[in-house]
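Q: Provided below are the primary sequence and the corresponding predicted coordinates.
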Amino acid sequence: MRLYLIVHDRAEKSMMIAGGLIGKVASLLGLNITVLALSDIISKRMRIARNLKYFPNSGVFGRIRELMISELKYPPRKLPELDKYGESLIFFLESNYQSLLSEKIGLMPKKEVALPTLGKWPLCLRRAFEIGLSEDVDVVFWDGPTFVLKMEKPFINLGRLLSLSRREMLEMGDVRVKCKLPVMEILRSVYMGEIEPFDASRVIYAILED
């Protein structure tokens, strides 16, 4: 069972988490507690709503649209369960979370590829783009730009499209790889509310120490 605790903004969220009180309460009650900032929820919904206009209610786009509409109601998260429609290709950076989301909307993953195996960032994205165009699939889900639609097949980053946090992406995936995220990518994620500042500082420190 999961309990959602919504506070005013990120500052209050950081205070609630940093003190360790939430962890103690969760352990005492036997619950999973997620602390969310109301400001982040509002920003998330605004970004999703703004992008809905690019996804008509038909075919592959209609299924992705269903996913976006369901995420507008978060919290809690209730993913759609759609019948099989086609196939997808998954390129992931740290976690294959997009495979789960793809399956939920009936686009069954044909193949999963870890981006770090294709080279350094951002050159790996160019290689992923080339591979994606050559594969016989309906859509490519990747950890690249939010979406590239005006091609023979769409390339979509569901994490950014749905404004998921890095922690949510890691929790959804059942395959994880160790990857050194680019510092600028980490800072962008902090700005977008995808990574907590405290978590980001630890990741950046580990990169600099290596």
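A: In hand now; what should we look at? Residues are numbered from 1 along each chain as shown.

Q: what about the residue lying farthest from the centre of the chain, distance to residue 36?
A: Here the chain reaches farthest from its C-alpha mean at residue 28, the gap being 29.9 Å by CA atoms, centre = their mean. Counting by CB to CB, to the nearest Å, the gap between residue 28 and residue 36 amounts to 21 Å. The C-beta positions use only the backbone N, C-alpha and C, and glycine is treated the same way.

Q: swap in residue 51?
A: Applying CB to CB, the value for residue 51 to residue 36 is 21 Å.

Q: try residue 120
A: Residue 120 sits at a distance of 34 Å from residue 36 (criterion: CB to CB).

Q: more neighbours: those two, which one.
A: Applying other CB atoms under 10 Å to residue 120 and residue 36 shows that residue 36 carries more neighbours, namely 18 against 10.

Q: these two touch, right, the more buried one and residue 75?
A: Yes. Residue 36 is within contact range of residue 75, at 6.4 Å (criterion: CB atoms under 8 Å).

Q: helices of the protein, start to end?
A: For the chain, applying DSSP state H gives helices covering 10-18, 21-29, 38-51, 59-71, 97-104, 123-134, 158-161, 166-172, 183-191, 197-209.

Q: okay, these in JSON lines with distance to residue 2 and mean pLDDT next?
A: Formatted as JSON lines, those follow (distance: least, CB to CB, whole Å; pLDDT from 0 to 100):
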{"stretch": "helix 10-18", "distance to residue 2": "16", "mean pLDDT": "82"}
{"stretch": "helix 21-29", "distance to residue 2": "10", "mean pLDDT": "84"}
{"stretch": "helix 38-51", "distance to residue 2": "15", "mean pLDDT": "94"}
{"stretch": "helix 59-71", "distance to residue 2": "16", "mean pLDDT": "96"}
{"stretch": "helix 97-104", "distance to residue 2": "17", "mean pLDDT": "97"}
{"stretch": "helix 123-134", "distance to residue 2": "33", "mean pLDDT": "93"}
{"stretch": "helix 158-161", "distance to residue 2": "20", "mean pLDDT": "94"}
{"stretch": "helix 166-172", "distance to residue 2": "11", "mean pLDDT": "88"}
{"stretch": "helix 183-191", "distance to residue 2": "23", "mean pLDDT": "77"}
{"stretch": "helix 197-209", "distance to residue 2": "20", "mean pLDDT": "72"}
